[in-house]
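[1] what follows is a predicted protein model with its sequence.
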Amino acid sequence: MVKAHSLRRWVLGSLAGIAILGPVDLYGFGHLVFHVPVTRLWEPFWLLSIPILMLAPSMYWASNSQPGLRLKRTMGTAGLFMWLVIVLAIYYSVKFGIIEAEAERPMYIISTLGAGLGTLLAYQVRKNADGQKPTDLKLPESPGRA
């Protein structure tokens, strides 16, 4: 049986991610790459911090579920988090002029389909991998080797 992490560990990991990776990512991408003034990056920083904080108790709940539901809940929670971050990134990309306003709706549609299908694909791959024993996995033969 897989031992789940404590809620405290999930929350501390989220806080560390916000404190360390948030400013580095937003400053690195927002300011250095896309030349958005640092003062305009505080709003997306705080708004992106909310889903990260919500991820901690959600992943704790998902990882402590019954074994039959654990994978579904974990993948669903991660997929929803991924979609929410992508939607916020698109919104602020349009607001800061990185993406043209005409491209906003197609980007939302494509990212929603991509996040949904990606989550389903990741679930299926993980489910199939968990069902096989390591001895059942066979590496493909490379051409030219006999």
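    Done, it's in.

[2] and the strands in the protein?
    Read by DSSP state E, the chain holds no strands at all.

[3] could I get the full set of helices for it?
    7-16, 22-25, 42-63, 67-95, 104-131 (DSSP state H).

[4] where in the protein is pLDDT low?
    1-4, 132-146 (pLDDT under 70).

[5] can you count the residues close to the closest residue in space to residue 54 that isn't next to it in sequence?
    Once flanking residues are discounted, residue 54 sits nearest to residue 81: 7.9 Å by CB to CB, 6 or more residues apart in numbering. The way it works is simple: take the backbone N, C-alpha and C, and place the C-beta from them, glycine included. For residue 81, the count of nearby residues is 17 (other CB atoms under 10 Å).

[6] surely residue 81 touches residue 51?
    Yes. Between residue 81 and residue 51 there is a contact at 5.9 Å, judged by CB atoms under 8 Å.

[7] so how far is residue 97 from the residue nearest the centre of the chain?
    Residue closest to the mean C-alpha point of the chain, counted by CA atoms, centre = their mean, is residue 82 at 3.5 Å. The gap separating residue 82 from residue 97 is 24 Å, by CB to CB, to the nearest Å.

[8] before we move on, the earlier item: contacts only, for the residue nearest to residue 54.
    51, 54, 55, 58 (CB atoms under 8 Å, 6 or more residues apart in numbering).

[9] and what of residue 115?
    79, 82, 83, 86.

[10] tabulate those (TSV), appending distance to residue 5.
    Formatted as TSV, those follow (distance: CB to CB, whole Å):
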residue	distance to residue 5
79	20
82	20
83	23
86	25
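
[11] what is the nearest of those residues to residue 65?
    Taking CB to CB as the measure, residue 65 lies nearest residue 79 of those, at 15.5 Å.
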